[in-house]
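Student: Build me a structure from this.
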Amino acid sequence: MKENIVPSGAGSHIALPTVSVCVGCFNQEAFIDTAIRSVAAQTYTAFECVVVDDFSTDGSRRRIEECLSQLGDSRFRFLPRLQNGGQLTAMMTGLDATAGPLISFLDGDDAWHPDFIECHVRAHLSHTRIAAMSSSDEVVIDTAGKLLAGGHPVFHLNDPRSMPKMSGYLHVDTEADPTLLFIDRGTVGLVLVNHIGDDVSSSSA
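Tutor: Take a look at the predicted model:
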(Lines give C-alpha, C1' and ligand atoms only; values in the text may rest on other atoms or scores of the structure.)
Protein backbone atom coordinates (compact mmCIF):
# COMPACT_ATOMS: atom_id res chain seq x y z
CA MET A 1 0.00 0.00 0.00
CA LYS A 2 2.82 2.44 0.83
CA GLU A 3 4.14 2.45 -2.72
CA ASN A 4 0.66 3.37 -3.95
CA ILE A 5 0.41 6.45 -1.73
CA VAL A 6 3.94 7.82 -1.31
CA PRO A 7 5.31 9.38 -4.54
CA SER A 8 7.71 7.15 -6.44
CA GLY A 9 11.35 7.90 -5.71
CA ALA A 10 10.54 9.39 -2.31
CA GLY A 11 12.99 7.07 -0.57
CA SER A 12 12.66 4.21 1.88
CA HIS A 13 13.05 6.56 4.85
CA ILE A 14 9.65 8.13 4.16
CA ALA A 15 6.98 6.85 6.58
CA LEU A 16 3.22 7.11 6.22
CA PRO A 17 1.47 9.51 8.62
CA THR A 18 -0.36 8.08 11.62
CA VAL A 19 -4.11 8.65 11.56
CA SER A 20 -5.67 9.11 15.00
CA VAL A 21 -9.18 7.66 15.22
CA CYS A 22 -11.67 8.51 17.95
CA VAL A 23 -14.72 6.26 18.27
CA GLY A 24 -17.35 7.89 20.48
CA CYS A 25 -20.03 5.82 22.16
CA PHE A 26 -23.08 6.53 24.30
CA ASN A 27 -25.65 3.78 24.77
CA GLN A 28 -24.79 2.13 21.45
CA GLU A 29 -24.35 -1.40 22.74
CA ALA A 30 -25.92 -2.97 19.65
CA PHE A 31 -23.57 -1.25 17.20
CA ILE A 32 -20.27 -0.44 18.89
CA ASP A 33 -18.67 -3.81 18.13
CA THR A 34 -19.28 -3.31 14.40
CA ALA A 35 -17.88 0.23 14.54
CA ILE A 36 -14.67 -0.87 16.26
CA ARG A 37 -14.14 -3.83 13.95
CA SER A 38 -14.61 -1.61 10.89
CA VAL A 39 -11.61 0.39 12.09
CA ALA A 40 -9.58 -2.76 12.72
CA ALA A 41 -10.34 -3.92 9.15
CA GLN A 42 -8.89 -0.81 7.47
CA THR A 43 -6.49 -1.37 4.59
CA TYR A 44 -4.47 1.59 5.89
CA THR A 45 -2.75 0.21 8.97
CA ALA A 46 -0.83 3.23 10.27
CA PHE A 47 -3.45 4.36 12.76
CA GLU A 48 -4.14 4.59 16.47
CA CYS A 49 -7.66 4.33 17.84
CA VAL A 50 -9.19 5.44 21.12
CA VAL A 51 -12.70 4.29 21.99
CA VAL A 52 -14.42 6.75 24.32
CA ASP A 53 -17.48 5.61 26.24
CA ASP A 54 -19.41 8.66 27.43
CA PHE A 55 -20.72 7.04 30.64
CA SER A 56 -23.22 4.77 28.89
CA THR A 57 -26.06 3.32 30.96
CA ASP A 58 -26.52 0.20 28.81
CA GLY A 59 -24.00 -2.59 28.16
CA SER A 60 -21.75 -0.55 25.87
CA ARG A 61 -18.75 -0.59 28.18
CA ARG A 62 -18.85 -4.38 28.50
CA ARG A 63 -19.16 -4.78 24.71
CA ILE A 64 -16.23 -2.44 24.12
CA GLU A 65 -14.01 -4.27 26.59
CA GLU A 66 -14.95 -7.65 25.10
CA CYS A 67 -14.33 -6.47 21.55
CA LEU A 68 -10.93 -4.94 22.31
CA SER A 69 -9.92 -8.04 24.26
CA GLN A 70 -10.83 -10.26 21.30
CA LEU A 71 -8.93 -8.03 18.86
CA GLY A 72 -5.81 -7.95 21.01
CA ASP A 73 -4.57 -5.00 18.94
CA SER A 74 -2.17 -2.56 20.62
CA ARG A 75 -3.34 0.23 18.30
CA PHE A 76 -6.63 0.37 20.25
CA ARG A 77 -7.22 1.94 23.67
CA PHE A 78 -10.34 2.29 25.79
CA LEU A 79 -11.15 5.56 27.58
CA PRO A 80 -14.28 5.27 29.76
CA ARG A 81 -15.56 8.63 30.99
CA LEU A 82 -16.70 8.97 34.61
CA GLN A 83 -19.63 11.20 33.72
CA ASN A 84 -21.69 11.96 30.65
CA GLY A 85 -20.50 15.05 28.81
CA GLY A 86 -22.18 14.80 25.43
CA GLN A 87 -20.89 13.99 21.96
CA LEU A 88 -18.51 16.94 21.60
CA THR A 89 -16.95 16.33 25.01
CA ALA A 90 -16.39 12.68 24.16
CA MET A 91 -14.77 13.67 20.87
CA MET A 92 -12.46 16.12 22.62
CA THR A 93 -11.56 13.46 25.19
CA GLY A 94 -10.42 11.25 22.34
CA LEU A 95 -8.61 14.08 20.58
CA ASP A 96 -6.66 14.96 23.72
CA ALA A 97 -5.50 11.36 24.01
CA THR A 98 -4.13 11.08 20.47
CA ALA A 99 -1.06 12.45 18.73
CA GLY A 100 -1.39 11.70 15.00
CA PRO A 101 -1.10 14.50 12.43
CA LEU A 102 -4.46 13.42 10.97
CA ILE A 103 -7.62 12.87 13.03
CA SER A 104 -10.94 11.23 12.24
CA PHE A 105 -14.07 10.68 14.35
CA LEU A 106 -16.46 7.74 14.13
CA ASP A 107 -19.79 7.52 15.94
CA GLY A 108 -20.45 4.28 17.78
CA ASP A 109 -23.46 3.44 15.60
CA ASP A 110 -21.63 3.94 12.29
CA ALA A 111 -19.05 1.87 10.40
CA TRP A 112 -16.38 2.49 7.78
CA HIS A 113 -15.71 0.84 4.45
CA PRO A 114 -12.36 -1.00 4.63
CA ASP A 115 -10.53 1.56 2.48
CA PHE A 116 -12.05 4.64 4.18
CA ILE A 117 -8.83 5.84 5.83
CA GLU A 118 -6.67 4.97 2.83
CA CYS A 119 -8.82 7.02 0.46
CA HIS A 120 -8.70 10.05 2.75
CA VAL A 121 -4.94 9.80 3.24
CA ARG A 122 -4.54 9.78 -0.54
CA ALA A 123 -6.31 13.15 -0.62
CA HIS A 124 -4.04 14.61 2.05
CA LEU A 125 -0.92 13.30 0.30
CA SER A 126 -2.02 14.36 -3.17
CA HIS A 127 0.74 15.38 -5.56
CA THR A 128 -1.20 18.38 -6.81
CA ARG A 129 -3.29 19.85 -3.98
CA ILE A 130 -3.19 20.43 -0.23
CA ALA A 131 -6.21 19.44 1.87
CA ALA A 132 -6.87 20.73 5.38
CA MET A 133 -9.94 18.53 5.62
CA SER A 134 -11.33 15.71 3.50
CA SER A 135 -14.90 14.52 3.21
CA SER A 136 -16.70 11.61 1.60
CA ASP A 137 -20.22 10.49 0.82
CA GLU A 138 -21.96 7.90 3.00
CA VAL A 139 -24.55 5.17 2.63
CA VAL A 140 -27.52 4.48 4.87
CA ILE A 141 -27.99 0.99 6.35
CA ASP A 142 -30.45 -0.53 8.79
CA THR A 143 -29.68 -2.35 12.03
CA ALA A 144 -29.03 -5.58 10.12
CA GLY A 145 -26.55 -3.89 7.78
CA LYS A 146 -28.93 -3.85 4.81
CA LEU A 147 -28.32 -1.00 2.37
CA LEU A 148 -31.23 1.46 2.35
CA ALA A 149 -29.82 4.36 0.34
CA GLY A 150 -26.78 4.83 -1.85
CA GLY A 151 -25.82 8.22 -0.52
CA HIS A 152 -26.70 10.81 2.08
CA PRO A 153 -29.46 12.93 0.46
CA VAL A 154 -28.45 16.18 2.16
CA PHE A 155 -24.89 15.78 0.92
CA HIS A 156 -26.05 15.34 -2.67
CA LEU A 157 -28.26 18.43 -2.47
CA ASN A 158 -25.07 20.34 -1.68
CA ASP A 159 -22.76 18.47 -4.04
CA PRO A 160 -20.42 21.20 -5.32
CA ARG A 161 -20.24 19.55 -8.74
CA SER A 162 -23.94 20.39 -9.22
CA MET A 163 -23.44 24.09 -8.48
CA PRO A 164 -22.57 26.17 -11.57
CA LYS A 165 -21.08 28.95 -9.41
CA MET A 166 -18.58 26.45 -7.99
CA SER A 167 -16.95 25.53 -11.28
CA GLY A 168 -13.98 27.83 -10.77
CA TYR A 169 -13.31 26.51 -7.27
CA LEU A 170 -13.17 22.79 -8.09
CA HIS A 171 -10.03 20.88 -9.04
CA VAL A 172 -9.76 17.19 -9.94
CA ASP A 173 -6.50 15.36 -9.29
CA THR A 174 -6.15 13.99 -12.82
CA GLU A 175 -2.50 13.09 -12.27
CA ALA A 176 -2.75 10.81 -9.23
CA ASP A 177 -6.40 9.98 -8.63
CA PRO A 178 -9.27 11.36 -10.75
CA THR A 179 -11.76 10.44 -8.00
CA LEU A 180 -10.32 13.19 -5.79
CA LEU A 181 -12.16 16.51 -6.01
CA PHE A 182 -10.51 19.48 -4.30
CA ILE A 183 -12.41 22.61 -3.26
CA ASP A 184 -10.61 25.90 -2.70
CA ARG A 185 -10.17 27.12 0.86
CA GLY A 186 -12.75 29.65 1.96
CA THR A 187 -15.66 28.08 0.09
CA VAL A 188 -18.77 28.02 2.28
CA GLY A 189 -22.20 26.41 2.20
CA LEU A 190 -21.07 22.79 1.88
CA VAL A 191 -22.06 19.80 3.98
CA LEU A 192 -19.07 17.70 5.09
CA VAL A 193 -19.71 14.03 5.84
CA ASN A 194 -17.30 11.41 7.21
CA HIS A 195 -14.18 13.55 7.23
CA ILE A 196 -10.55 13.39 8.19
CA GLY A 197 -8.69 16.58 8.98
CA ASP A 198 -5.36 17.83 10.26
CA ASP A 199 -6.99 20.65 12.21
CA VAL A 200 -10.38 20.22 13.89
CA SER A 201 -11.00 23.96 13.58
CA SER A 202 -10.67 23.91 9.78
CA SER A 203 -13.77 24.65 7.75
CA SER A 204 -12.46 24.05 4.24
CA ALA A 205 -12.31 20.85 2.25
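Student: Let me know the helix or strand that residue 62 is in.
Tutor: helix 60-71 (DSSP states H and E).
Student: list the buried ones in that helix?
Tutor: Buried residues in helix 60-71, counted by 16 or more other Cβ atoms under 10 Å: 60-61, 63-64, 67-68. C-betas here are computed from N, CA, C, even on glycine.
Student: Could you list every helix and strand in contact with that helix?
Tutor: Helix 60-71 makes packing contacts with helix 32-40, strand 47-53, strand 76-80 when contacts are defined by 3 or more Cβ pairs under 8 Å, 6 or more residues apart in numbering; DSSP states H and E.
Student: Save those as a markdown table, and put in mean pLDDT, distance to residue 131 and mean neighbour count too.
Tutor: Output for those, formatted as a markdown table (pLDDT from 0 to 100; distance: least, Cβ to Cβ, whole Å; neighbours: other Cβ atoms under 10 Å):
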| stretch | mean pLDDT | distance to residue 131 | mean neighbour count |
| --- | --- | --- | --- |
| helix 32-40 | 97 | 21 | 20 |
| strand 47-53 | 98 | 18 | 23 |
| strand 76-80 | 98 | 26 | 17 |
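Student: what's the nearest residue to residue 59 if we skip its chain neighbours?
Tutor: Closest residue to residue 59 apart from its sequence neighbours, by Cβ to Cβ, 6 or more residues apart in numbering: residue 29 at 4.5 Å.
Student: give the contact list for that neighbour.
Tutor: Shown in contact with residue 29 (Cβ atoms under 8 Å, 6 or more residues apart in numbering): 56, 58-60, 63.
Student: what about the helices in this structure?
Tutor: Along the chain, counting by DSSP state H, helices occupy 2-5, 32-40, 60-71, 87-96, 116-124, 153-157.
Student: So which of those is nearest residue 109?
Tutor: Minimum separation from residue 109 across these (Cβ to Cβ) falls at helix 32-40, 7.0 Å.
Student: Give me the below-cutoff pLDDT ranges for the chain.
Tutor: 1-4, 6-12, 151-179, 183-205 (pLDDT under 70).
Student: mind running it again at 90?
Tutor: 1-15, 119, 122-205 (pLDDT under 90).
Student: on that earlier part again, the residue nearest to residue 59 and residue 48: what is the separation?
Tutor: Plainly put, residue 29 is 24 Å away from residue 48 if you go by Cβ to Cβ, to the nearest Å.
Student: what do you get for residue 129?
Tutor: Per Cβ to Cβ, residue 129 is found 26 Å from residue 48.
Student: just to revisit the earlier point, could I get the helices of the chain as CSV with distance to residue 78?
Tutor: Converted to CSV, the helices of the chain look like this (distance: least, Cβ to Cβ, whole Å):
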stretch, distance to residue 78
helix 2-5, 29
helix 32-40, 10
helix 60-71, 6
helix 87-96, 11
helix 116-124, 20
helix 153-157, 31
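Student: mind checking which of those is nearest residue 143?
Tutor: Closest to residue 143 of the helices of the chain is helix 32-40 (Cβ to Cβ; 10.0 Å).
Student: helices and strands around the closest one, which ones?
Tutor: In terms of contacts (3+ Cβ pairs under 8 Å, 6+ apart), helix 32-40 is packed against strand 19-25, strand 47-53, helix 60-71, strand 76-80, strand 102-107.
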